[in-house]
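In: no sequence on this one, just coordinates:
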């Protein structure tokens, strides 16, 4: 593999991409530890697929915002390096698949030409910051949350406090009390509020899905908008320091808060205040509030062949904006998959006839914005040509599904195959649910809930079921979840497990019963409450009988061969157990990073790089003594006990006081220089001790 030049204007980005290329080369030559290399590539959006030898690349798109130029660039990259298929995720990203690892630096370089990044799209990092897709155009919003989501993304991108945490960290911004960005399932969720004319947010802390979903706690009923970045930074510092690192399933922030309590957690956050970066975030409010560039183009003449169909589309897929005379158009994208020809057509449409902006949605759809009313017939006509004028945007037929066994290592059953069949059932047998009442249906291929199944009114989770000596694909049916608004939500109950091929019949049972017995305006979630879990168990229990399975029941949806349960090693923010030599090498790298930050005047960044170098060096000696290290705070305490108190390593103070100097000092140039010198001296001392120990073995 040959080196290349990126020819990018941003030297920080260029260095990042060249570093990735270098690490890939070292990995190919057998000179880089496999586990550490995995951690690095995940933090660059490069995720191993179920299929050997190829990668999924996740393209990070803050709050789903994309311009015409960016969409064309993504399409070009997909055609060149992938298959031309674009997959919208439930975090408003785009994923492309079957990419060669060796070509990822070049791919990333191409994306950055239009200011698109892969950085921190996967791994133990701050993931894509999501927001309501209607932010900025919502008639009910107190203000546009887009600039605050954007500032959060920018502030924490490449920030040293959140590069190698115990697990991933998710942040959302909801534009109104409707809470369409789902604050209650996020590590930090923000809901826009006005108090006495001042902008601020309701803050939710410690939510999450997965196998053990947790409803977020209300942290603040209202906090001023300018305080959110320091709050996030303090929370991240505590999570980085005290979050579990050895037991992957317990490494999310929700478990830390559950273990120590919200009050104790926030006491730790308060201790970080002196150390917080003094850099003021730029919210760029005026840029986001500026009127979109709507050209005075001539309205193309179109002939609507079916006026009734057009009116239905307007009623279900067109949303009035708060800007008078402008509308947003919702495009239902089946299972979040579309292709580059459609993407380029959309790019041309928004560039010439709208505000040059679309947003990918949390429901894996597309929302075009800033369309003049007189252009709606034209947009309908053009979207119909490319299959993007199907009705049912944000309705029952709009099923959410993760990739499942199609590409994901963790997939147990085919979520996309099941979703495809369920959508066909809805369109063919229940047209009233295509454009009528919305029942959220979500499917995940495993318990990790990437398809958000456990917060749906009707959810399905991919599983397996043992039948004698064989195994069949199965679906756990969950009922009664949903978003209630203003930070309140609920998780679905597990009701029954049925063979996957009976998933459509389970849906029929549920919809038929709902239609027969629910009140005219009753929501499914309320109907579920009224009837109770036992009622629905009795309704579906006949489908659980596995004594009469046919041969087809052992073949999963979308597959031709008999089902084999094959779960690979998951890479979704997996915890890495480091080798001693790799840790010490990393400590040197972090010291180099601290030097670079110091030269750039980024005192807070330099200090945190020095801190992580100190902790890494201590961890190396602990691992050399076969001491388990679960958290950074644990490392610091154990190092005092085993090395400082025993005088194996001489320090003028305790290791705790030495390491935690960053908590007691403001991020000034003078302290950054001193702390860097301390980190360098400590690494030399640890290295000398380690060398001596090895020589005596």
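Out: Good, I have the coordinates. The model shown is predicted, which means the values in this text are computed figures rather than measured ones.
In: contacts, neighbours, all on C-alpha from now
Out: Fine.
In: which other helices and strands contact the helix or strand hosting residue 585?
Out: Assessed by DSSP states H and E, residue 585 sits inside helix 580-599. The elements that helix 580-599 packs onto, with contact taken as 3 or more CA pairs under 8 Å, 6 or more residues apart in numbering; DSSP states H and E, are helix 603-624, helix 669-695.
In: Okay, angle between the lowest-mean-pLDDT helix or strand in the chain and helix 580-599 too, please.
Out: Ranking every helix and strand in the chain by mean pLDDT, DSSP states H and E puts helix 34-42 at the bottom, with a mean of 83. Counting by axes from the mean of the first three to the mean of the last three CA atoms, to 10 degrees, helix 34-42 lies at 30 degrees to helix 580-599.
In: Okay, buried residues for helix 34-42 please.
Out: Neighbour counts over helix 34-42 (16 or more other CA atoms under 10 Å) mark 36, 37, 38, 39, 40, 41, 42 as buried.
In: can you list the domains in this structure?
Out: Split into domains by automatic domain parsing, the chain comes to 11-112, 130-287, 300-385, 400-554, 580-695.
In: which strands and helices sit next to the one helix or strand residue 424 maps to?
Out: In this assignment (DSSP H and E), residue 424 forms part of helix 415-429. If you count contacts as 3+ CA pairs under 8 Å, 6+ apart, helix 415-429 packs onto strand 400-401, strand 441-444, helix 503-517.
In: list the buried ones in it?
Out: 415, 416, 417, 418, 419, 420, 422, 423, 425, 426.
In: what mean pLDDT does it have?
Out: Averaging pLDDT along helix 415-429 gives 93.
In: tilt between that helix and helix 503-517?
Out: 40 degrees.
In: Contacts for helix 415-429, please.
Out: Helix 415-429 is contacted from outside by 335, 397-406, 433-434, 443-445, 461-462, 500, 503-504, 507, 556-558, using CA atoms under 8 Å, 6 or more residues apart in numbering.
In: Equivalent analysis for stretch 304-323, please.
Out: Under CA under 8 Å, 6+ apart, the answer for stretch 304-323 is 137-139, 326-331, 370, 377, 380-381, 389-393, 435.
In: List the residues that contact the closest residue to residue 499 other than its chain neighbours.
Out: Spatially, and ignoring its direct neighbours in sequence, residue 499 is nearest to residue 474 (4.1 Å; CA to CA, 6 or more residues apart in numbering). Residues near residue 474 by CA under 8 Å, 6+ apart: 413, 462, 463, 464, 465, 497, 498, 499, 500, 501.
In: likewise residue 580?
Out: 620, 621, 623, 624.
In: Turn the residues you listed into a markdown table, columns for distance to residue 217.
Out: Listed next are these as a markdown table, based on distance: CA to CA, whole Å:
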| residue | distance to residue 217 |
| --- | --- |
| 620 | 36 |
| 621 | 38 |
| 623 | 36 |
| 624 | 40 |
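In: out of these, which are buried?
Out: 620, 621, 623.
In: Which of the contacts of residue 580 sits closest to residue 122?
Out: residue 620 (25.5 Å; CA to CA).
In: residue contacts, the closest one?
Out: 579, 580, 581, 583, 584.
In: What count of nearby residues applies to the third one?
Out: For residue 581, the tally of surrounding residues (other CA atoms under 10 Å) stands at 15.
In: ok, now the last one?
Out: Close neighbours of residue 584, defined as other CA under 10 Å, add up to 25.
In: End to end on stretch 327-337, go ahead and measure it.
Out: Distance across stretch 327-337, first residue to last, is 24 Å (CA to CA, to the nearest Å).
In: to the chain's geometric centre, what's the distance from that stretch?
Out: In terms of CA atoms, centre = their mean, to the nearest Å, the centre of stretch 327-337 is set 19 Å apart from its chain centre.
In: What are the buried residues along it?
Out: Those would be 327, 328, 329, 330, 331, 332, 333, 334, 335, 336, for stretch 327-337 by 16+ other CA under 10 Å.
In: Quick check, pLDDT for the fifth one.
Out: What the model reports for residue 331 is a pLDDT of 97.
In: quick one, phi psi at it?
Out: phi -110, psi 120 (degrees, to the nearest 10).
In: again with the third one
Out: Here is the backbone geometry of residue 329 (degrees, to the nearest 10): phi -120, psi 120.
In: just checking, it touches residue 368?
Out: Yes: counting by CA atoms under 8 Å, residue 329 touches residue 368, with 5.0 Å between them.
In: Next, work out how far apart residue 265 and residue 57 are.
Out: Taken as CA to CA, the span from residue 265 to residue 57 is 34 Å.
In: So for those two, which residue has more residues nearby?
Out: residue 57 (30 against 18).
In: Sticking with the more buried one, tell me its helix or strand.
Out: Here residue 57 is assigned to strand 55-59, by DSSP H and E.
In: all strands of the stretch 351-500 of the chain, in order?
Out: 358-360, 366-372, 400-401, 441-444, 458-467, 470-479, 482-485, 488-490, 493-499 (DSSP state E, counting those that start in this stretch).
In: Just the terminal-to-terminal distance for stretch 296-314.
Out: One end of stretch 296-314 to the other measures 23 Å (CA to CA).
In: now swap in stretch 256-270 and tell me
Out: First residue to last in stretch 256-270 (CA to CA) measures 16 Å.
In: What lies in contact with stretch 49-58?
Out: 45-48, 93-101, 118, 121-122, 405-409, 568.
In: Was I right to think residue 224 contacts residue 199?
Out: Yes: counting by CA under 8 Å, residue 224 touches residue 199, with 6.2 Å between them.
In: More neighbours: the two, which one.
Out: residue 199 (17 against 14).
In: so what's that one up against?
Out: 143, 192, 193, 224, 225 are the contacts of residue 199 under CA under 8 Å, 6+ apart.
In: Are we agreed that it is in a strand?
Out: Yes: the assignment for residue 199 (DSSP: H, G, I helix; E, B strand; the rest coil) places it in a strand.
In: Tell me how many other residues surround residue 515.
Out: Neighbour tally, residue 515, other CA under 10 Å: 11.
In: Distance of it relative to residue 509?
Out: Counting by CA to CA, the gap from residue 515 to residue 509 is 10 Å.
In: One more: residue 645?
Out: 67 Å.
In: ditto for residue 136
Out: Residue 136 is 40 Å from residue 509, by CA to CA.
In: higher neighbour count, those two?
Out: In terms of neighbours (other CA under 10 Å), residue 136 is the more surrounded of residue 136 and residue 509; the figures are 21 against 15.
In: Measure how buried the nearest residue to the more buried one once chain neighbours are set aside is and give me the count.
Out: What sits nearest to residue 136 in space, not counting adjacent residues and going by CA to CA, 6+ apart, is residue 144, at 4.4 Å. Burial of residue 144 is recorded as 22 neighbouring residues (other CA under 10 Å).
In: Does residue 144 touch residue 132 like I think?
Out: No: under the criterion of CA under 8 Å, residue 144 makes no contact with residue 132, lying 9.7 Å away.
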